[in-house]
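Chemist: Quick one, structure for this:
(one chain, ligands or ions: 2)
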Amino acid sequence: LSRIRIAVLFGGRSSEHQISCVSAGSVLAALDRDRYDVVAVGITPQGHWVVAPDDPSALAPHGRELPSVDDSTGAAVVLPGDPSSAGLLTLRPGEVPSELTSVDVVFPMLHGPYGEDGTIQGLLELAGIPYVGSGVLSSAVSMDKEYMKLLLAARGLPVGPYVVVRDHEWTSDPDGALDAIDALGYPVFVKPARGGSSIGITKVASRDGLVAAMEHARSCDRKVIVEAELVGREVECAVLDTVDGSRPQASVPAEIHVGAEFDFYDFEAKYLPGSTTFDIPAKLDDATTDEVRRLAVETFVALDCAGLARVDFFLTDGGFVVNEINTMPGFTPLSMYPQMWAASGVTYPELVDRLVNIALERGTGLR
Ligand SMILES: Nc1ncnc2c1ncn2[C@@H]1O[C@H](COP(=O)(O)OP(=O)(O)O)[C@@H](O)[C@H]1O
Ligand SMILES: [Mg+2]
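Modeler: Ligands and ions are numbered 1, 2, ... in the order given. Okay, the predicted model is just below:
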């Protein structure tokens, strides 16, 4: 059996840089070195690619201190978008680029824009290197909360009421935008259209708070989505593809209980230990469990996802509503996605293996 050469990419240009580093540390720790040759590649917040030590402990959080990638992390590398090269090149000032290693498969353990949004996926398609997770279109649509909802609604899947405010609409007619938001009724959630980890999101109780919330969201993304509040239980479900390409599978669902001191599942509630508790599996009757698992797989299929995704719902009085999908969800052993699979009988190392095998089987190109 020949060893598989895998590159794990992490860090990146989005606000979820540090979360990505923590997830990547866990993936590095789980890859079986008898079967994989591993190269760790960090991407700095400025977008520079550098070789990183293949050392999970260097990516572990130290208390509240989270890891990150900077230029001192290692030598510069590039991945040419050219299928005849299919590997990483090192760059040293004044020297010709030289091959560092060829790569059989990439695990882009990146969250948010420039990682989870189809951009890296596009580069890997050009390079002809298979990669874990969804392709270009699916990553881009799933990252964008407007287009995600449009596509899901077109497929008959339940999404909540919302208003999109584009940059030119906000700058040319802010009162018109505020009136459209008012019509949703309060409270509303004001969000960057392409964000994650709750960064840039504000829950707003009345029109008074809207301008500040809009500016906050716009500091992350000049396209803003404003949503009516969904009242109900917050339930998530993990979806995993099969190696043979048959119907994807859903894990047991989980329910999130955000601590009473938080207004919603914001950044601190997500990452400060002890802020949030979980029921895995969620305490739902069998029919309701079946329903959410079915909706999770249908959402995955509707958005043409591949590999993995976590689908997040609210269970309202009127039934489940899809809040969002994450095509590269948090991936430490304590993150929801691996936890839901652990509770469904798939261990963390098995999960990583299966994702790599799916990626190799799927390949690149139109498919
Ligand atoms: N429409 C909504 N109604 C009620 N709560 C919401 C709504 N939208 C977001 N939230 C709360 O904010 C959190 C983060 O929102 P989400 O859309 O998942 O953004 P992110 O992509 O940053 O995770 C959710 O987990 C939920 O607690
Ligand atoms: Mg979310």
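
Chemist: how about the helices in the stretch 1-150 of the chain?
Modeler: Secondary structure of the stretch 1-150 of the chain (DSSP state H, counting those that start in this stretch): helices at 17-30, 119-127, 136-143, 145-154.

Chemist: Mean neighbour count and distance to R166 added to those helices, as a markdown table?
Modeler: The way it works is simple: take the backbone N, C-alpha and C, and place the C-beta from them, glycine included. Converted to a markdown table, the helices of the stretch 1-150 of the chain look like this (neighbours: other CB atoms under 10 Å; distance: least, CB to CB, whole Å):
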| stretch | mean neighbour count | distance to R166 |
| --- | --- | --- |
| helix 17-30 | 24 | 26 |
| helix 119-127 | 20 | 20 |
| helix 136-143 | 22 | 16 |
| helix 145-154 | 18 | 9 |
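
Chemist: wait, which of these is closest to ligand 1?
Modeler: Checking the helices of the stretch 1-150 of the chain against ligand 1 by CB to the nearest ligand atom gives helix 145-154 as the closest, at 6.5 Å.

Chemist: close to ligand 1, is the closest one?
Modeler: No: looking at helix 145-154 against ligand 1 by CB under 6 Å from any ligand atom, there are no contacts, and the closest approach is 6.5 Å.

Chemist: On the C-terminal side of that helix, identify the next helix or strand.
Modeler: Read in the C-terminal direction, the helix or strand following helix 145-154 is strand 162-165, with elements assigned using DSSP states H and E.

Chemist: so what's the backbone phi/psi at the residue of the chain at minimum distance from ligand 1?
Modeler: Of all residues in the chain, Y265 sits closest to ligand 1, at 3.3 Å by CB to the nearest ligand atom. Dihedral pair for Y265: phi -80, psi 70, per degrees, to the nearest 10.

Chemist: Tell me the residues on the stretch 101-250 of the chain that lie near ligand 1, please.
Modeler: 160, 189, 191, 195-198, 201, 227, 229-230, 234.

Chemist: Mind doing that once more with 8 Å?
Modeler: Residues of the stretch 101-250 of the chain lying near ligand 1 by CB under 8 Å from any ligand atom: 145, 160, 162, 188-189, 191-192, 195-201, 203, 227-231, 234.

Chemist: ok, now the stretch 251-367 of the chain?
Modeler: Checking the stretch 251-367 of the chain against ligand 1 by CB under 8 Å from any ligand atom, the hits are 256, 258, 264-266, 269-270, 312, 314, 323-324, 326.

Chemist: Out of the residues you listed, which is nearest to R222?
Modeler: E324 (19.4 Å; CB to CB).

Chemist: can you give me the strands for the stretch 201-350 of the chain?
Modeler: With DSSP state E, counting those that start in this stretch, the ranges of strands along the stretch 201-350 of the chain come out as 202-204, 224-228, 233-240, 249-250, 254-258, 276-279, 308-316, 319-326.

Chemist: Dump the ones you listed into JSON lines; add mean neighbour count, distance to A29 and mean pLDDT as well.
Modeler: JSON lines is the format used below for those (neighbours: other CB atoms under 10 Å; distance: least, CB to CB, whole Å; pLDDT from 0 to 100):
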{"stretch": "strand 202-204", "mean neighbour count": "19", "distance to A29": "36", "mean pLDDT": "98"}
{"stretch": "strand 224-228", "mean neighbour count": "23", "distance to A29": "36", "mean pLDDT": "98"}
{"stretch": "strand 233-240", "mean neighbour count": "24", "distance to A29": "20", "mean pLDDT": "98"}
{"stretch": "strand 249-250", "mean neighbour count": "20", "distance to A29": "25", "mean pLDDT": "98"}
{"stretch": "strand 254-258", "mean neighbour count": "17", "distance to A29": "23", "mean pLDDT": "97"}
{"stretch": "strand 276-279", "mean neighbour count": "14", "distance to A29": "22", "mean pLDDT": "96"}
{"stretch": "strand 308-316", "mean neighbour count": "23", "distance to A29": "18", "mean pLDDT": "98"}
{"stretch": "strand 319-326", "mean neighbour count": "20", "distance to A29": "22", "mean pLDDT": "98"}
